[in-house]
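**Student:** Sharing a sequence plus its predicted fold:
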Amino acid sequence: MSNALPQTNMMLFLFQDNRIHTSKYSILTFLPINLFEQFQRVANAYFLCLLILQLIPEISSLTWFTTIVPLVLVITMTAVKDATDDYFRHKSDNQVNNRQSEVLIDSKLQNEKWMNVKVGDIIKLENNQFVAADLLLLSSSEPHGLCYVETAELDGETNLKVRHALSVTSELGADINRLARFDGIVVCEVPNNKLDKFMGILSWKDSKHSLNNEKIILRGCILRNTSWCFGMVIFAGPDTKLMQNSGKTKFKRTSIDRLMNTLVLWIFGFLICLGIILAIGNSIWESQIGDQFRTFLFWNEGEKSSVFSGFLTFWSYIIILNTVVPISLYVSVEVIRLGHSYFINWDRKMYYSRKATPAEARTTTLSEELGQIEYIFSDKTGTLTQNIMTFRRCSINGRIYGEVPDDLDQKTEITQKKEPVDFSVKSQVDREFQFFDHNLMESIKMGDPKVHEFLRVLALCHTVMSEENSAGELIYQVQSPDEGALVTAARNFGFIFKSRTPETITIEELGTLVTYQLLAFLDFNNTRKRMSVIVRNPEGQIKLYSKGADTILFEKLHPSNEVLLSLTSDHLSEFAGEGLRTLAIAYRDLDDKYFKEWHKMVEDANAATEERDERIAGLYEEIERDLMLLGATAVEDKLQEGVMETVASLSLANIKIWVLTGDKQETAINIGYACNMLTDDMNDVFVIAGNNAVEVREELRKAKENLSGQNRNVSNGHVVCEKKQQLELDSIVEETVTGDYALIINGHSLAHALESDVKNDLLELACMCKTVVCCRVTPLQKAQVVELVKKYRNAVTLAIGDGANDVSMIKSAHIGVGISGQEGLQAVLASDYSFAQFRYLQRLLLVHGRWSYFRMCKFLCYFFYKNFAFTLVHFWFGFFCGFSAQTVYDQWFITLFNIVYTSLPVLAMGIFDQDVSDQNSMDCPQLYEPGQLNLLFNKRKFFICVLHGIYTSIALFFIPYGAFYNVAGEDGQHIADYQSFAVTMATSLVIVVSVQIRRWQKAQKKARPPSSQRPRTRRSSSRRSGYAFAHQEGYGELITSGKNMRTKNPPPTSGLEKTHYNSTSWIENLCKKTTETVSSFSQDKTVKL
Amino acid sequence: MEERPQHCLSRLPDNSALKQQELPAHRLYFTARRVLFVFFTTGIFCLCMGIILILSARSTQEIEINYTRICANCAKLRENASNFDKECTCSIPFYLSGKMMGNVYMYYKLYGFYQNLYRYVRSRSNRQLVGKDIKAVEDCAPFKMSDNKTPIVPCGAIANSMFNDTIILLHNINSSVQIKVPMLKSGLTWWTDKYVKFQNPSSKNLADEFRGTTKPPNWPKPIYDLDKKDPRNNGFLNDDFIVWMRAAAFPTFKKLYGRLNRTHHFTEGLPAGNYSFNITYNFPVTRFHGEKSVVLSTLTWCGGNSLFLGLAYTVTGAITWLASFAMMAIHIMLKNKKMSFFHQ
């Protein structure tokens, strides 16, 4: 609906409607576009030309059906496949376009299909609904126009994000009439793909309000914890940030396809050469001999000169010799790939029983490229990790609890049995939670005060919100899964966080309800890397509870903690060594007087207009000191099953794995360590986190210098040869890097680094590193990184991901893999292969990929050999038949040679052959390397095949020639006739080429790799994993302000003034921290409402 | 994991050998011993074959007399197409030094006659030749119809260019007595040709059957009049015609002209002595720089006296042996090295 605006302004811009198209064709355009695309393939165009040539009777040396039947077959098959693919895209488009949403039309809420939503419409969203378009949030059910959205589809982050409406619009509430009268004008930036930025101005009621990302709900988000909200459509359909971020669907072709195209061109050149030689021969023959032979064979009309005859002969020979690249090659290649994809579908070892998902090859044309992957780009959340945080271990007062029993490990003595601690005695436990150490339970029962205090911190110091669902069960709303894990752990051990109000926290301590007064909330931010609460317990004691990154917190400890510190520090190292996320826990007793003074100062600082933040930060520093250490927690960001082994095995196969995630740097690094991509053995880990181009360039330069410097030292000491160097003669200088390096780069820096002049530096550096982690990247940046590697490294890339934010990356990589069995299907729909678990990647690449590549190469070598042997015989025969384009074999034999006589053995080889068993190729990932280096089928191999084919054709022609030259049958009949000769040749050809199906490579029967190369499941590490607070900065303030509390928890009147002190400016703070300067936005696009 | 809904079970791929890529397979393992064994036996086989073939090829006898130049005057006459009705004969005496035992075959041999030209090979009508439809001349360009639009029988360039010299072998027992060596003009063709691919139209009287058609332009007589002596050897079933119609693969070829009828004087074969060929020279070859000759030959089980196959086998066998010796040497060397390596 248009909000009462002059019609003329409406027409200034053509707004996109909300309909999305991911499909390529419509019914009308299918045939022309599809045919056009198909004939862009060199081979198809080539056969079309041949067909046209064959239709000319003067030069048609082979009947036209030899070409048209296979050609039509191939084109129909491809067209049918394309049509079905597009049909499914249409279906999914339709499904999305026909989703219902409530739109305010004529002052009434009406159901409307998504595709009919227009810019300027006001939409009502309900809880757990998908957002239909990019909206300006107007009002919501929550106080202050807040609403929560999950952006997993957009950036892969699963924690909830807060959006809040302008206060002027949030007053509109759910008042339909007032909303219908809303006539604000939004002036904003042009549609772009930046997910975390928005700039615009709302002009309404004679005042202007600046708009930023916090006021925008993007398409693809899901509304959570908010019963309803109203929004006005700003961008619709293809203009939405989600669609702007989705890369284009590209027609993927394998490198072998491209090589084949080149080879077809070469062969065509070769054919032309042969044709010219034979045509010249024909001209000479015609003028020397043929001329006199006219008594027996008149000239055709219009064919009176030897030169013209030569010209016609040229074309005739082109037709005859075209069988060098028969169309059946393409058919066979497709058939073989189809077979390989079925094997992937059928593989029980890639079937995930828990979700009943088999692996699926969604594209059937890429299978051999799976055997050539050099780079894997992996998403983190949902792909490498399960996005489940579990509390695994803790160290309390110098004692470790929760030693995980491990069959391979010696430390099993700590646990009595392998059964989890039974929490069922308690009410309100989270049943999913498992803990394997009974000692902690016992310590709690013994009443160890330190243990109690430790759990109390976990239950008190957090930003979790509690809620009771209809069944009366306690549900935690968590912003950060880490905190959720800690609070849940505390809950299961008897310290149950029950509820909170802005100034109280109620927990159940071993069965008794205790209410703590929340005096202050010292929130997390990136520099502090810790959070604290100051509470007054019922006894009246004031305590400061703090949790945070160990490195930060350890500096704040009271000197008396030294012994405990070193002990805890050891424990932390152990935890970190297992890839767990650690947090140090500490407390401090405060006396009343001191706190009151401090509190006063905070209030003053809050009231100050200048340097407010700095002063508050200083005050926080001031009170968070002389802490008493309690211990540390270790939370596991649960990896998907088998990720470590897969990563280790793939890196043994010389595949480089890059992690591209929308998540935080800390989290990403942590996961890097957890799955052994980053290790302490690494010589250096470069972190690029510059905020502008100059900084980034400087950092890159430094890293490179550092790397080359260190490298020089190493290579001076002893000569280190990389395997790759030996195999690849043209290895570039940067390949010579020795030692392990890792590069971590965040999204902002990446944006600068992807600018053209720094791009190469980045790439060079990244390729020298063993591991690359890109964090905080947008979907489009993911695709850009993939494109960068694709373009400049000329390497085969694979992208694997599970969410909508990975779609563009999946589309732009050579091979896209989607993790199936999840809720969202976008990644799977965009992917070429899909399966349920990351670990299946190992089998997909090392077994299926390797076999496919091996088979395809063998097949191609053999096929080219076979057809050269088959066809060049005509060339030799040309010298004995006056270059008259007479074929050696019968027409039918030529038509059927590739289809019938020699197809089955070679197809069987191409589909079934196994050089080594699947177990061997899994055990010995090094066997993967020939594929990466393109060793099995390249131009050199091709030449060898061709030479072999030529040799065979010579033998095949001249030996029968000699044998037939002066021969007679044993009954005197002459048998040197053309027919006998043709049959003899054809028979020997079939026998020879069939026998030639042999191994072009010797079976690589390598011994299993020594056990030292097996993936290690454990590693020692001194690295401390930092705590990754996944919640938004400022969220703490939000909690203490009570603004986000439901009305059913009315703030007690007693705490009114205190609520006031902290909350007056929370929303402004929130804005300030996240708003970009609005001054410089572009006004290219004006939305008028 | 255990509680799988029933409908999900169906998504689990079958556990068949095909689908799990566990089909039984045979893999060749090449050990040095096996390879050497195979090489040596192949070599022995080839050498034996080669020697046998060479010996048997050498046991045959063959006489070839090129009469292109000897009958130069006839050749000259034939170069002018207008002299087609002038008969020209030519006698070529020769001396057979040793007798030719067993079956003796007479061939004519053409040099430089391209029976394998693309347009030439296809210029025939198989439908006509099986006698089904003698007016089917579509494929016979450029000899489909005569000038007055009657179909040519047999049509096509192959038929038109049929070899039409008559060769008679005479044995001069002494200077005055000449006897004609009896030659059989039957059994010259492939069985399939005579009984499947070539058939006369059903009627008794061939001349009637071929009414409304015309003879090929180069032919002096129509098809039903080729053999005056043997009426059954006429029409499409004429042996010389069938032999000619089986187009040769190479520009140099020989075709069977007759078999020695081993009667009377010639039961054992051709005795040594003076012979002569009486040739009625009709077929012009000099115009395309071709040559023709007549060949007398005996045969063994492996055909004519071509040494090529025997030589090819011998050479292959020899190379195989050389290669296997080389491989054995390398094998032994490596083995010794390995042994010494282990001893260290």
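**Tutor:** Received, thanks. Model, not experiment: these values are computed from the prediction.
**Student:** Just list the residues touching the residue in the stretch 601-750 of chain A that chain B sits nearest to, thanks.
**Tutor:** Nearest residue of the stretch 601-750 of chain A to chain B, counting by CB to the nearest CB: A:E641, 11.4 Å away. Yep, even glycine has a C-beta here, placed from its N, CA and C like the rest. Counting by CB atoms under 8 Å, 6 or more residues apart in numbering or on different chains, A:E641 touches A:837, A:839.
**Student:** right, and B:A136 touches B:R127 too?
**Tutor:** Yes. Between B:A136 and B:R127 there is a contact under CB atoms under 8 Å: 4.1 Å.
**Student:** and stretch B:92-103, how far from the chain's centre?
**Tutor:** In terms of CA atoms, centre = their mean, to the nearest Å, the centre of stretch B:92-103 is found 23 Å from the chain centre.
**Student:** And the contacts of it?
**Tutor:** Defining contact as CB under 8 Å, 6+ apart, one finds that stretch B:92-103 is touched by A:972, B:61, B:63, B:65, B:67, B:70-71, B:172, B:259-260, B:262, B:268-277, B:279, B:294, B:296, B:298-299.
**Student:** In ChimeraX, select just the buried ones from the residues you listed.
**Tutor:** Command for ChimeraX that selects the buried part of the contacts of stretch B:92-103, burial taken from 16 or more other CB atoms under 10 Å in any protein chain shown:
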select /A:972 /B:61,63,65,67,70,71,259,260,262,270,275,276,277,279,294,296,298,299
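**Student:** just checking, next helix/strand downstream of the helix or strand where A:Y961 lies?
**Tutor:** Assigned by DSSP states H and E, A:Y961 belongs to helix A:939-965. Next helix or strand after helix A:939-965 toward the C-terminus (DSSP H and E): helix A:978-995.
**Student:** That following helix close to chain B?
**Tutor:** Yes. Using CB under 8 Å from any CB of the partner chain, helix A:978-995 reaches chain B at A:978-982.
**Student:** just so I have it, where are all the strands in the stretch 151-300 of chain B?
**Tutor:** Taking DSSP state E, counting those that start in this stretch as the test, the strands found in the stretch 151-300 of chain B are B:166-172, B:178-180, B:183-184, B:253-260, B:269-270, B:273-280, B:291-298.
**Student:** which residues sit against the helix or strand hosting A:Q784?
**Tutor:** Here A:Q784 sits within helix A:779-793, counting by DSSP H and E. Defining contact as CB under 8 Å, 6+ apart, one finds that helix A:779-793 is touched by A:154-155, A:193, A:195, A:244-247, A:374-375, A:377, A:379, A:658, A:660, A:662, A:747, A:750-751, A:754, A:759-760, A:762-763, A:766-767, A:774, A:777, A:795, A:797, A:799, A:804-809, A:811-814.
**Student:** rerun at 7 Å
**Tutor:** Residues from elsewhere that reach helix A:779-793 (CB atoms under 7 Å, 6 or more residues apart in numbering or on different chains): A:193, A:245, A:247, A:375, A:377, A:660, A:747, A:750-751, A:754, A:759, A:763, A:767, A:774, A:795, A:797, A:799, A:805-809, A:812-814.
**Student:** returning to what we had before: which helices and strands does the helix holding A:Y961 pack with?
**Tutor:** helix A:850-878, helix A:978-995, helix B:308-343 (3 or more CB pairs under 7 Å, 6 or more residues apart in numbering or on different chains; DSSP states H and E).
**Student:** now for those helices, which one comes closest to B:I223?
**Tutor:** B:I223 lies closest to helix A:978-995 among the helices and strands packed on helix A:939-965, at 22.1 Å (CB to CB).
**Student:** So which elements touch that closest one?
**Tutor:** Counting by 3+ CB pairs under 7 Å, 6+ apart, helix A:978-995 packs on helix A:850-878, helix A:939-965.
**Student:** And the pLDDT at the nearest residue to A:Q914 once chain neighbours are set aside?
**Tutor:** Nearest residue to A:Q914, sequence neighbours excluded (CB to CB, 6 or more residues apart in numbering or on different chains): A:W851, at 6.2 Å. Looking at A:W851, its pLDDT reads 92.
**Student:** distance of A:W851 from A:C49?
**Tutor:** Distance, A:W851 to A:C49, by CB to CB, to the nearest Å: 35 Å.
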